[in-house]
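Peer 1: Fold the following for me, if possible:
(one chain, ligands or ions: 1)
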Amino acid sequence: MFRKREKVEIIRAEHSGFCFGVDRAIDMAFKEAEKNDRTGNLYTCGHLIHNEAVVKRLEDMGVSMISSLSEASEGDTVIVRSHGEPQEFYEEAEARGITLVDTTCVFVKKIHHLALKAHSEGIPVVVIGDKEHQEVKATNGWCGYEAVVIGDAEEAKEQADRLKGKKPMVVCQTTIKQELLREILSVFDEEGVEYDIHNTICNATRDRQESCAKLASEVDAMVVIGDNHSSNSRKLYEIAKKHNENSFFIENSSNKQLNRLTKYTKIGYIAGASTPEWIIKEVISHMSENVNKNMEQNPMMDFMDDIEKSLRLPKPGDVVDGKIDQVMDDAVIVNMGCKKDGILRSDEVTLEEGQTLADLFKVGDEVKAKVIKSDDGEGGIMLSTKRLVVVENYAELEEAMENKDIITVTLTRAVNGGVIAAYKEITGFIPMSQLSDRYVENADEFLGQTFDVRVIRVDTKRNRAVFSRKAILVDEKRKAVAEIWENLNVGDIVEGKVMRFTDYGAFVDIGGVDGLLHISEISWGKLKHPEEVLKIGDIINVKILSLNEEKGKISLGLKQTQPEPWTLVGEKYQVGDVLEGKVVQIKEYGAFVELEAGLDGLVHISEIANKRVENVFDELKVGETVNVKIMEIDPEKRRISLSIKATLPEEEAAPEEKETVADAVEDAVLDAKEAADEAVEAVKEKAKDVIDAVKEAVDDVKEDVKEAAEKVSDAVQAAKEEAEFEVEKAKEEE
Ligand code: SF4
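Peer 2: Sure, this is the predicted structure:
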């Protein structure tokens with residue numbers, strides 16, 4: 001009977017398996033091998049990597065190995081290894097019509113560029129490394145084979161005199177130890193050799209060695225997976241053995257030593273930089289089966305989960321955490337604890353003007369980034385912190401839209417239907433109709449400027465954001481109007497400007513809001529049209545008669561700023577006064593004569609002349625100026641009786657005729673008519689007020705309809721402009 005065992009833990013070293021450069025080289029080689037449109041042969045020049053299984057796989061796919069370019073012919077394709085080749089290799093391939101698939105690691109390429117530049121400027125090049133290593137040979141080939149290659153402190157001493165006073169540029173083989181570099185530089189310092197150092201040591205090897213040592217000291221047993229010919233794998237085994245005597249070197253899943261792992265419950269594993277993932281997976285799977293045989297329960301699933309977890313690659317869109325492994329000029333390598341490294345290019349990082357990646361990142365820093373491509377076609381996982389910022393920025397926009405918050409954008413360029421507006425890392429769109437609260441024909445005047453806007457739409461799936469500046473301006477106006485309303489009180493006398501006329505009055509701007517000055521409130525006298533008293537643009541003082549904030553209505557009065565004539569009539573006029581007046585209205589029973597605006601008196605038919613007047617119209621005309629004498633003043637009834645007759649010279653006065661009964665009847669009829677007229681006038685006034693109120697209401701409705709129509713038109717226009725922009729954007733994206 002099996003004994004119940006505790007769960008077995010299998011831990012992958014933090015840095016393990018293919019480095020970025022090897023991974024890229026393998027990917028490119030396999031992709032090339034899969035192509036079937038080649039006419040010539042496909043070769044690798046030397047072993048692509050030190051791993052038999054990989055080499056065998058490539059051979060099975062028709063990729064042969066040649067040891068020099070001379071073995072290839074015109075039309076053939078040759079894969080350049082990650083270690084790189086000298087400059088002449090490329091020149092020869094071009095001259096002979098040989099296609100190259102260049103998998104030279106970007107870190108190695110950087111060394112080539114440095115060597116070439118220094119050489120062309122006449123600066124001596126020192127390479128610290130193994131002169132027999134392919135990478136060092138290739139680097140030497142980029143500086144005319146004139147590099148001084150130094151492998152240890154001894155050689156540094158030997159070369160010191162030769163380098164003194166020349167200030168050489170120093171680069172390193174990517175896989176040497178930091179200690180070696182330090183040793184050689186201290187020799188230079190001691191010997192007085194000035195130099196310009198470029199530390200080009202790749203962190204991948206160092207990181208693998210360090211994480212191997214760390215893990216080996218923490219587990220019951222340590223497994224190093226790698227090819228026997230791989231020096232970096234053997235080196236890892238040496239390190240593992242040093243820290244844990246139960247260390248095993250495993251080439252592949254058929255290795256018998258795997259059976260010995262059954263007695264351990266905490267097993268660590270690491271793979272050399274040239275060990276492919278499929279070999280790692282096979283070995284770990286096999287190891288798990290062996291362990292499983294000794295277990296009563298079936299923890300296989302947990303076991304495989306652990307393995308899968310360590311092999312799983314993040315997908316585009318995932319947000320990953322990693323540690324900075326290497327910082328270069330144009331990219332940062334990020335270790336995410338999975339089989340491939342992440343590459344964070346400088347154009348995927350938000351950098352301020354003049355800022356470099358080195359200003360932002362240090363090796364060992366933790367970084368959060370968004371996966372934008374799980375495989376860039378060259379073996380790396382492409383990362384972006386900028387797009388993570390974009391995600392955050394979109395979240396900010398969503399929040400701003402929800403809370404109706406104001407954000408600030410910069411208008412960068414005009415497009416079909418509107419302008420592009422930049423908010424942090426996001427480029428949004430402002431439809432032309434939302435650019436201002438006035439009509440905008442051409443957006444050029446706005447470009448380059450910064451404006452406050454409101455977010456009116458966010459589509460995170462399609463990375464779209466639409467803003468409106470108009471919404472802000474309209475709101476600002478609304479606020480300003482509200483402030484004005486707050487300071488308005490019924491009874492206040494305020495200054496205003498006559499803006500426009502209607503049949504029933506004039507609209508007056510009283511500092512940002514318009515009020516209605518009804519025709520009946522303009523003058524104490526009667527007006528047919530406001531124009532009789534006012535002109536557009538006149539600045540006048542008006543009294544606030546009523547306020548209705550809900551409906552946005554203000555009633556104003558002009559006449560109220562002057563005293564009402566009847567209130568002063570007792571002070572200004574006396575019975576017996578002779579005055580000049582204007583005939584303003586003629587009736588059967590007499591004529592109304594205006595003494596001043598709003599103060600009319602009646603000249604009864606019997607007071608028009610010294611003779612009996614049959615028809616008032618025969619004697620007087622409207623508009624005519626006449627002299628009248630005040631016969632009676634009744635302020636309560638608002639009546640003034642006037643007489644023209646009393647102003648006539650005595651001699652003109654005709655002898656008084658005796659009043660007959662008929663005359664008395666006629667006078668009574670006329671008096672009745674006067675009373676009726678007064679009543680009719682009053683009704684007319686009321687009717688006019690009603691008609692004006694109806695007209696005003698109709699105007700209000702018209703305004704409301706116009707406003708609603710404008711809103712609909714605005715929305716339609718904005719949608720149309722957005723659609724135009726979408727078409728343009730779609731074209732650009734294509
Ligand atoms: S060890 Fe470094 S330099 Fe060499 S191939 Fe790998 S990533 Fe490139």
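
Peer 1: which stretches of the stretch 551-700 of the chain form helices?
Peer 2: 565-572, 616-619, 661-733 (DSSP state H, counting those that start in this stretch).

Peer 1: between those helices, which gets the lowest average pLDDT?
Peer 2: If the helices of the stretch 551-700 of the chain are sorted by mean pLDDT, helix 661-733 sits at the bottom with a mean of 74.

Peer 1: by contact count, what packs against that one?
Peer 2: Applying 3 or more Cβ pairs under 8 Å, 6 or more residues apart in numbering; DSSP states H and E, we find helix 661-733 packed against strand 418-423, strand 426-431, strand 464-468, strand 493-502, strand 578-587. Every residue, glycine included, has its C-beta placed from N, CA and C.

Peer 1: okay if I get those strands as a markdown table plus distance to Glu155 and mean neighbour count?
Peer 2: Formatted as a markdown table, the helices and strands packed on helix 661-733 follow (distance: least, Cβ to Cβ, whole Å; neighbours: other Cβ atoms under 10 Å):
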| stretch | distance to Glu155 | mean neighbour count |
| --- | --- | --- |
| strand 418-423 | 56 | 22 |
| strand 426-431 | 56 | 24 |
| strand 464-468 | 61 | 24 |
| strand 493-502 | 94 | 16 |
| strand 578-587 | 124 | 16 |
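
Peer 1: Of all those strands, which one is nearest the ligand?
Peer 2: strand 426-431 (34.3 Å; Cβ to the nearest ligand atom).

Peer 1: helices or strands up against the closest one?
Peer 2: helix 386-403, strand 406-415, strand 418-423, strand 464-468, helix 661-733.

Peer 1: can I get the helices and strands packed on helix 661-733 in CSV with distance to Arg387 and mean pLDDT?
Peer 2: Listed next are those as CSV, based on distance: least, Cβ to Cβ, whole Å; pLDDT from 0 to 100:
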stretch, distance to Arg387, mean pLDDT
strand 418-423, 15, 90
strand 426-431, 11, 90
strand 464-468, 15, 90
strand 493-502, 53, 93
strand 578-587, 82, 92
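
Peer 1: need these in a markdown table with distance to the ligand, can you?
Peer 2: Below are those laid out as a markdown table (distance: least, Cβ to the nearest ligand atom, whole Å):
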| stretch | distance to the ligand |
| --- | --- |
| strand 418-423 | 36 |
| strand 426-431 | 34 |
| strand 464-468 | 39 |
| strand 493-502 | 76 |
| strand 578-587 | 106 |
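
Peer 1: Any idea which of the ones you listed gets closest to Val533?
Peer 2: Closest to Val533 of the helices and strands packed on helix 661-733 is strand 493-502 (Cβ to Cβ; 10.0 Å).

Peer 1: quick one: strands adjacent to that closest one?
Peer 2: strand 505-509 (antiparallel), strand 539-548 (antiparallel) (DSSP bridges).

Peer 1: and among those, the most buried is which?
Peer 2: Comparing these by mean neighbour count (mean count of other Cβ atoms under 10 Å), strand 505-509 ranks first with a mean of 23.

Peer 1: give the contact list for the closest residue to the ligand within the stretch 251-400 of the chain.
Peer 2: Nearest residue of the stretch 251-400 of the chain to the ligand: Ala273, at 5.6 Å (Cβ to the nearest ligand atom). For Ala273, the contact set (Cβ atoms under 8 Å, 6 or more residues apart in numbering) comprises Gly17, Phe18, Cys19, Val22, Ala204, Thr205, Arg208, Ser230, Asn232, Ser233.

Peer 1: hang on, the earlier thing: let me know which of the strands paired with strand 493-502 is the nearest to the ligand.
Peer 2: Proximity to the ligand (Cβ to the nearest ligand atom) singles out strand 505-509 among the strands paired with strand 493-502, at 74.1 Å.

Peer 1: Return, as residue ranges, the portions of the protein with sub-threshold pLDDT.
Peer 2: 1-7, 289-312, 339, 375-380, 650-663, 667, 670, 728-734 (pLDDT under 70).

Peer 1: Pop the domain breakdown of it in here.
Peer 2: 9-16+204-311, 20-105, 107-201, 319-384, 389-475, 488-561, 574-684 (automatic domain parsing).

Peer 1: any chance of the ones you listed in JSON lines, with distance to Ala723 too?
Peer 2: As requested, the domains of the chain are exported to JSON lines (distance: least, Cβ to Cβ, whole Å):
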{"stretch": "domain 9-16+204-311", "distance to Ala723": "46"}
{"stretch": "domain 20-105", "distance to Ala723": "40"}
{"stretch": "domain 107-201", "distance to Ala723": "46"}
{"stretch": "domain 319-384", "distance to Ala723": "28"}
{"stretch": "domain 389-475", "distance to Ala723": "8"}
{"stretch": "domain 488-561", "distance to Ala723": "34"}
{"stretch": "domain 574-684", "distance to Ala723": "57"}
